[in-house]
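1. for reference, the sequence and a predicted model appear below.
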Amino acid sequence: MNNAAKALVYTLFIFLLVSCSKSGKLFDVAKEEGVSSATGWGVDGVLKYVDLDYALSLVEENRVHSVKAGKGISIVISDLKSNVALYATPIDGVGVKKRLYENSQLFPGSYVITSNIGTSSLKVSLRKNTTFDFYKIANALQADASKGRGRLKLTVSPEDAKIVIYGTPHKYHEGLKLPEGQYDVKVSKPGYQAKNLTVSIAKNTLTSESITLQLADSLGSKKKNVDFNDRESGIERIAITGAAKENNSELQASAIPTGKLVILPQRNDIEYTITSVSGAQFTAKPSLELPVGNYYVTASRRGLGDVIARKQIRILSTEQNNVVFSIPALPYQNQLPVSLVFKSDLLGRQRAEINLVPNQGETISFRKRMGRRGLEIETVLLNGEYSAELTAGGIQYDLGSITIEENKSNKFEFVLK
């Protein structure tokens, strides 16, 4: 090490000796060496006890946090309310999230301002001593200091249903604390009918709601005793004409009138079972001869056994009909073009991570830098439902659920505030 470098390290060490909270220990070491003061050490003596890389890292850390020692720029917030905590998080810079008081100091740079009760955020660029009006900041953060906070408890069935609360960036957990006001809530789960409701949060009050989702297949939630002779009971009557086949092993008696039954749609992922009211089962075929009578036709996922739908039918021998099930395509089977548009005046030039979590399979992630006004992603995804979230500038946004379907644009636009 040349003399200039040694002189620099020596100067840095003296600076650290004064500013470091552990300087007392260094003075003890100096006395043990027979030096009346640490400044009496030579450069070589200093280097015996100070790791150069570690010393430089301390200097860098002190530089990052030098605003604690009165350096940096002054931030004044007038009329700050004691029940509102404001925080500044640096954007693309060094440092950590810091609480703001009536008088604070920060490094020059760009920051995201958030609060403990706000449901939005504010991006600011700080280059010189600045004074902020608290009420303007509170309005931008949607942090009304006059509002108290209450808690929310939702009891949902099934328990693993997804809960999305609109109007706050926070994800739901039992006892979630929210500013008083009204919030829209969506509870959903594949295979169930989603439910939307509005909850009111009052100051210092626990708001409790119970939500029970109904199966998308009405047979899963309600069972009725059906009168096969009642046309208003929901029975689908199928009149079939035809002649009995003497050699049909599935028929109990060749003299019983039969007819042709056609079940649609015919798909590789769907299998059907036919059961008479007496319990006799018949093997489903694209075209099947059945005796006149009452039957249940059940559609299931092939290989999984999950019942999709069931129809109750009465076969008459007057005319021929088809049984038609309305069954959506199996999720995550078909690739479809998708457009995701994110608009924001707050997150310009920030790196963003977008995560799409399907109900089946692995999370799909995109990492892009936001443009001046936002970001647009063109991609291809499998049909089905996804939970979406975006993280940028230290802020996480719960984007709710999106459903990719055939015969629609599959273009989704999100406005981030």
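-> Ah, there it is. Note that the coordinates shown come from a computational prediction; the quantities given were computed from them, not determined experimentally. Numbering: from 1, shown residues only.
2. care to break this protein down by domain?
-> Domain assignment for the chain, taken from automatic domain parsing, gives 3-64, 69-141, 149-212, 221-324, 335-415.
3. average pLDDT across the second one?
-> I take that to be domain 69-141. Across domain 69-141, pLDDT averages out at 83.
4. ok, the fourth one next?
-> Confidence over domain 221-324, taken as the mean pLDDT, stands at 68.
5. and the closest residue to residue 166 other than its chain neighbours, which of the three is it?
-> Leaving aside its sequence neighbours, residue 166 sits nearest to residue 184 (C-beta to C-beta, 6 or more residues apart in numbering; 4.4 Å). To be clear about C-beta, it is placed using only N, CA and C from the backbone, and glycine gets the same treatment. Three-state call for residue 184 (DSSP: H, G, I helix; E, B strand; the rest coil): strand.
6. identify the residues contacting residue 184.
-> Residues near residue 184 by C-beta atoms under 8 Å, 6 or more residues apart in numbering: 165-167, 196-198.
7. same deal with residue 161?
-> 187-189, 192, 211, 213.
8. out of those, which one sits closest to residue 397?
-> Using C-beta to C-beta, residue 188 comes nearest to residue 397 of the contacts of residue 161, at 18.3 Å.
9. re the thing from before, is there a quick ChimeraX command that grabs whichever of the contacts of residue 161 are buried?
-> Paste this into ChimeraX to select the buried members of the contacts of residue 161, with burial taken from 16 or more other C-beta atoms under 10 Å:
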select :187,188,189,192,213
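10. in strands only, show me the contacts of residue 161.
-> Cross-referencing these against strands under DSSP state E gives 187-188, 211.
11. just to revisit the earlier point, looking at the contacts of residue 161, which is nearest residue 316?
-> With C-beta to C-beta as the yardstick, the closest approach to residue 316 among the contacts of residue 161 comes from residue 192, at 35.4 Å.
12. make TSV out of the ones in strands among the contacts of residue 161 and add pLDDT and distance to residue 394.
-> Formatted as TSV, those follow (pLDDT from 0 to 100; distance: C-beta to C-beta, whole Å):
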residue	pLDDT	distance to residue 394
187	91	29
188	90	28
211	92	32
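13. so which of those is the closest to residue 365?
-> residue 188 (22.3 Å).
14. surely the closest one and residue 400 touch.
-> No: the pair residue 188 / residue 400 is not scored as a contact, 9.2 Å apart, by C-beta atoms under 8 Å.
15. mutual contacts of these two, please.
-> With C-beta under 8 Å, 6+ apart, residue 188 and residue 400 have common neighbours residue 164.
16. what about residue 415, how many neighbours?
-> 10 (other C-beta atoms under 10 Å).
17. ok, now residue 204?
-> For residue 204, the neighbour count with other C-beta under 10 Å is 9.
18. do you know how far the residue nearest to residue 166 is from residue 197?
-> Note on residue 184: its distance to residue 197, by C-beta to C-beta, to the nearest Å, is 8 Å.
19. before we move on, what about residue 137?
-> Distance from residue 137 to residue 197, by C-beta to C-beta: 32 Å.
20. surely residue 164 touches residue 185?
-> Yes: Residue 164 lies in contact with residue 185 (C-beta under 8 Å); the separation is 7.1 Å.
21. tell me, how many residues neighbour the closest residue to residue 127 other than its chain neighbours?
-> Closest residue to residue 127 in three dimensions, ignoring its sequence neighbours and counting by C-beta to C-beta, 6+ apart: residue 108, at 5.3 Å. Residue 108: 12 surrounding residues under other C-beta under 10 Å.
22. separation between residue 108 and residue 87?
-> Taken as C-beta to C-beta, the span from residue 108 to residue 87 is 18 Å.
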